[in-house]
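Undergrad: no letters, just coordinates:
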């Protein structure tokens, strides 16, 4: 345990101190803390929002160019891929999107349909799906993929530790290394805590549609304990026996739910909506990415949606990127780009087309009231209530929420443990247990605070901390691209 705070692990000590101070501030001065977080996140999105848009387009174009060049044939390591394409795809998708596609499957397309972000000659449904694709598509995965390639190149080709600072310095105890690694750790921890807290809340809302729950903190407590125990056990089992099998199960069950909804809808309409919206998304991609001309939805919309998403994806990039790198050993740069930018995006597009198009049609037919789909926490369960066998599909959603949340947690614990265990690609189990304890305590702390102070949007504040933390990474990412290119050509 003491070895965790050796001079080579000063970043852990710094991260821990910052987390403790932040938690104390939230408890002692909740209103002031929430106000500061809210105003800071709005300021960052307002001032640096356009910068985020530019960064997003740069990431996508950079990865596309690198994958098409002869450099795209370069392999991460010399061995064959450690995982089959199915298992690899399942693990990276579970870690990268997971419960998010359940959270926004219905609510976001319907919102975009009711409130078109851009005024074009296209039908409102096409615009709604196109903009949903934009916010969950190539750019999101490009943020993850760049960090995955950088870390993969460092650990498999240069035999360096699993730390972003390795790209800049060989010293693990320098001020620069400590700063970069501390920022990475903080981002990962806050990401895990916010995802767990928000996911637990969605599980509670979904369960309450099936059975009445006591009006107390007990249901959330039980959910958190089950998720963390399961996630820790899965992480202790390792990549092959734990994360891989759970990810495969998640994707299989997700596919079954997708087909269940797909066959109950207007199949030809859904396919037409998917292909039409995909075509416009691809052809309008640059204009959408830079909010040019008629594709500018306005500062208010961008601040509330696109800037927020871009900051969120970027904040999750170090954690998700490191995990994707770890499971991508033996694959070429081109395979990683195609497999982590384009294929997962297409899967998400079809998912949102099936659920979004079906939900919009039900709203148009007055079979569902649009206001009943305004909450992302229960919109999917409300939508499933209008289809056949609603109890069965709602139970599947709850199982998936648990599954994706556990997968995100166990992969997060795996990454945190790699950081703390001197950058080892196979970290010791006691590191995973320590990080699990830290994360569950922080998650419970913020959920308790949210229950005690319902007038304060605690869970939203926790997630917005990610936006604040992401800003340094936005600037750091440009330096990372430059150093990565130099490493590739050296």
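TA: It's in. In this text, all values refer to a predicted model and were calculated from it rather than measured experimentally.
Undergrad: show me the shaky parts of the stretch 351-490 of the chain.
TA: Across the stretch 351-490 of the chain, the ranges flagged by pLDDT under 70 are 422, 450-463.
Undergrad: helices along that one, start to end?
TA: Under the criterion DSSP state H, counting those that start in this stretch, the stretch 351-490 of the chain contains helices at 379-384, 390-420, 429-452, 458-489.
Undergrad: just the buried residues of the third one, please?
TA: Within helix 429-452, the residues that qualify as buried by neighbour count (16 or more other Cβ atoms under 10 Å) are 431-432, 434-436, 438-440, 442-447, 449-450. The C-beta positions use only the backbone N, C-alpha and C, and glycine is treated the same way.
Undergrad: chain neighbours aside, what residue packs nearest to residue 384?
TA: In space, and not counting its chain neighbours, residue 384 is closest to residue 393: 4.4 Å by Cβ to Cβ, 6 or more residues apart in numbering.
Undergrad: how many neighbours does that neighbour have?
TA: If you count neighbours by other Cβ atoms under 10 Å, residue 393 ends up with 21.
Undergrad: which one of the helices of the stretch 351-490 of the chain lies nearest to residue 294?
TA: Closest to residue 294 of the helices of the stretch 351-490 of the chain, according to Cβ to Cβ: helix 458-489, at 26.6 Å.
Undergrad: give me the helices and strands touching the closest one, please.
TA: In terms of contacts (3 or more Cβ pairs under 8 Å, 6 or more residues apart in numbering; DSSP states H and E), helix 458-489 is packed against helix 10-28, helix 30-68, helix 138-152, helix 175-208, helix 306-327, helix 429-452.
Undergrad: out of those helices, nearest to residue 95?
TA: helix 306-327 (5.1 Å).
Undergrad: how far off helix 175-208 does that closest one point, in degrees?
TA: With axes from the mean of the first three to the mean of the last three Cα atoms, to 10 degrees applied, the angle from helix 306-327 to helix 175-208 works out at 110 degrees.
Undergrad: just after helix 306-327, pick out the following helix or strand.
TA: helix 333-337 (DSSP states H and E).
Undergrad: Provide the contact partners of that following helix at residue level.
TA: For helix 333-337, the external contacting residues (Cβ atoms under 8 Å, 6 or more residues apart in numbering) are 63-64, 66-68, 71-76, 145, 148-149, 152, 324, 328.
Undergrad: quick one: least confident helix or strand in the protein?
TA: Using mean pLDDT, DSSP states H and E, helix 10-28 stands out as the lowest-scoring helix or strand of the chain, at a mean of 71.
Undergrad: so the residue nearest to residue 384 makes contact with residue 260?
TA: Yes: Residue 393 is in contact with residue 260 according to Cβ atoms under 8 Å; the separation is 6.3 Å.
Undergrad: if I look at the two, which residues touch both of them?
TA: residue 387.
Undergrad: for residue 249, give me the pLDDT.
TA: Per-residue pLDDT puts residue 249 at 86.
Undergrad: what is the neighbour count of it?
TA: Neighbours of residue 249 (other Cβ under 10 Å): 16.
Undergrad: what's the spacing between residue 286 and residue 61?
TA: Distance from residue 286 to residue 61, counting by Cβ to Cβ, to the nearest Å: 9 Å.
Undergrad: contacting residues for the residue nearest to residue 384?
TA: Applying Cβ under 8 Å, 6+ apart, the residues contacting residue 393 are 257, 260-261, 384, 387.
Undergrad: which one of those residues sits in the busiest neighbourhood?
TA: Ranking these using other Cβ under 10 Å puts residue 384 first, with 26 neighbours.
Undergrad: re earlier: buried deepest among the helices of the stretch 351-490 of the chain, which one?
TA: The highest mean neighbour count among the helices of the stretch 351-490 of the chain, using mean count of other Cβ atoms under 10 Å, belongs to helix 379-384: a mean of 25.
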